[in-house]
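> model this:
(one chain, ligands or ions: 2)
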Amino acid sequence: MHHFQFQNPTKIIFGAGQISNLSSNIPQGSKVLMLYGGGSIKHNGIYEQVKKSLSAYEFLEFGGIEPNPRYETLLKAIEYIRKENVDFLLAVGGGSVIDGTKFIAAATYYQGDAWDLCNGAKAIKAMPFGTILTLPATGSEMNCGAVISRESSHEKLVFSSPLVYPTFSILDPTVTLSLPPRQRANGVVDAFIHVTEQYLTYPVDAAVQDRFAEGLLLTLIENGKIYVNEPENMEAASNIVWASTLALNGLIAVGVPEDWGTHMIGHELTALTGLDHARTLATVWPRLQMALKESKKEKLLQFAARVWNITEKTEADPNLRISQAIANTDQFFQSLGVKTHLSDYGLALGLGEQIAERFSKRGVLNLGEKGEITPNLACQIVNQSY
Ligand code: NZQ
Ligand code: ZN
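Ligands and ions are numbered 1, 2, ... in the order given. This next block holds a predicted model:
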């Protein structure tokens with residue numbers, strides 16, 4: 001296991017009805033700005049619950065943060081915050097609203113072009129913020145990363161800073177009741193792939209991290225279909241909510257190599273085509289694993305045995321065990337209703353070349369735990385994903 005330091009300061013408040021605990025977690029006397037998306041919270045009762053819990057505070061609202069939050073919209077929120085002297089932010093939404101809020105929290109204090117924060121500039125200060133998660137998927141509610149889209153240049157880039165961990169996140173599984181099947185399925189796939197990006201690399205004798213990762217993958221497999229098909233099943237929803245938070249809160253990444261290749265290619269696919277985040281991942285993941293199956297052999301065999309129960313006893317040939325495990329995962333995504341080929345979404349050919357060119361220009365030359373994903377290999381992987 002590699003050396004590591006681990007600190008995650010986000011307080012989690014889990015359970016049905018916990019939005020009523022909001023006020024005990026926001027400093028008294030704060031001027032609060034509540035941020036939300038396209039309005040789903042106004043149809044499912046969450047908006048009213050939040051307003052009621054904030055009644056003791058002076059608070060303002062900023063709605064309209066898009067899925068794949070747009071830099072241009074976030075700049076408007078920053079202007080509003082500066083004008084109104086807001087000092088606490090409350091994100092009420094999925095990954096997009098939470099990510100947008102993280103960016104706003106840091107960019108409000110950043111001198112200079114705020115887009116620099118998505119190109120590696122260091123945040124100097126951030127406004128404190130809490131979240132009420134409405135869509136289990138990204139893990140953004142308990143991590144310090146955000147992914148921001150810039151419409152004018154069709155870019156989608158990552159911003160991260162230890163200053164933007166939420167101070168608290170309320171995880172009420174009943175908020176999932178109003179989620180459409182597409183968002184449910186997307187969330188399960190996204191969380192599943194987050195785990196694999198921290199697990200399917202090479203072994204470093206990190207037994208705890210491996211077992212945690214396998215436990216999360218099995219939980220997502222065992223509860224995924226129930227959660228998508230039976231919205232009223234709160235046991236399944238609770239398990240999916242907690243599994244997706246733990247999938248990307250830093251815990252399973254400590255001391256192990258990581259491969260964010262699927263995500264980096266996926267972000268480009270969303271930037272170029274608008275395809276949902278999880279759907280880009282579902283198309284790239286099977287092809288990326290196949291392309292790197294020699295390099296990832298030991299962990300892929302462990303994945304086959306411990307997650308899919310494919311062992312020497314059921315299949316003697318290790319190569320076949322690996323391709324069977326990848327095929328089972330592909331099938332699992334499809335069983336949730338997420339298609340796994342770019343052609344299923346009607347996307348035109350040529351995306352591989354465009355992404356390779358973008359990576360080359362940006363200096364993204366060696367993705368993956370061993371740096372093997374060159375722009376050329378990324379191009380091949382995308383082109384095999386049609
Ligand atoms: O905008 P509203 O009206 O709220 O509707 C949203 C949106 O249309 C809707 N929704 C959310 N909660 C709902 C609901 N509809 C009904 N009932 C509810 N309870 O769902 C739609 C999608 O929301 P969005 O927030 O975009 O989805 P998700 O949580 O999947 O977030 C995706 C974004 O997160 C980024 C992605 O790249 C993408 O931009 N990611 C962030 C990560 C992070 N910060 O760590 C990691 C991820 O890998 C990912 O890249
Ligand atoms: Zn993701």
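> switch to C-alpha atoms for all contacts and neighbour counts from now on
Will do.
> which SS class is residue 47?
The local conformation at residue 47, judged by DSSP: H, G, I helix; E, B strand; the rest coil, is helix.
> now do the same contact list for it.
Contact analysis of residue 47 by C-alpha atoms under 8 Å, 6 or more residues apart in numbering lists residue 41.
> just residue 318 next, same as before
Listed by C-alpha under 8 Å, 6+ apart, the contact set of residue 318 reads 301, 312.
> how far away is it from residue 332?
For residue 318, the distance to residue 332 under the criterion C-alpha to C-alpha, to the nearest Å works out to 21 Å.
> tell me where the stretch 151-300 of the chain has strands.
Taking DSSP state E, counting those that start in this stretch as the criterion, the stretch 151-300 of the chain contains strands spanning 155-160, 168-171.
> most packed of these?
Here the criterion is mean neighbour count by mean count of other C-alpha atoms under 10 Å, and of the strands of the stretch 151-300 of the chain the winner is strand 168-171, at a mean of 25.
> how far out from the middle of the chain is stretch 69-87?
Stretch 69-87 has its C-alpha centroid displaced from the chain centroid by 23 Å (C-alpha atoms, centre = their mean, to the nearest Å).
> what's in contact with it?
With contact meaning C-alpha under 8 Å, 6+ apart, stretch 69-87 is reached by 30-33, 62, 64-65, 96-97, 99-100, 103-104, 107-108, 115, 127-128, 147-151.
> ChimeraX command for the buried members of those residues?
Selecting in ChimeraX just the buried members of those, where the criterion is 16 or more other C-alpha atoms under 10 Å, is done with this command:
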select :31,32,33,62,65,96,97,99,100,103,104,107,108,115,127,128,147,148,149,150
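> from the contacts of stretch 69-87, which are also near ligand 1?
When C-alpha under 6 Å from any ligand atom is taken as the criterion, the members of the contacts of stretch 69-87 that contact ligand 1 are 96, 97, 99, 147.
> distance to residue 328, secondary structure and pLDDT added to those residues, as a markdown table?
Conversion of those to a markdown table gives the following (distance: C-alpha to C-alpha, whole Å; DSSP: H, G, I helix; E, B strand; the rest coil; pLDDT from 0 to 100):
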| residue | distance to residue 328 | secondary structure | pLDDT |
| --- | --- | --- | --- |
| 96 | 30 | helix | 98 |
| 97 | 33 | helix | 98 |
| 99 | 32 | helix | 98 |
| 147 | 29 | strand | 98 |
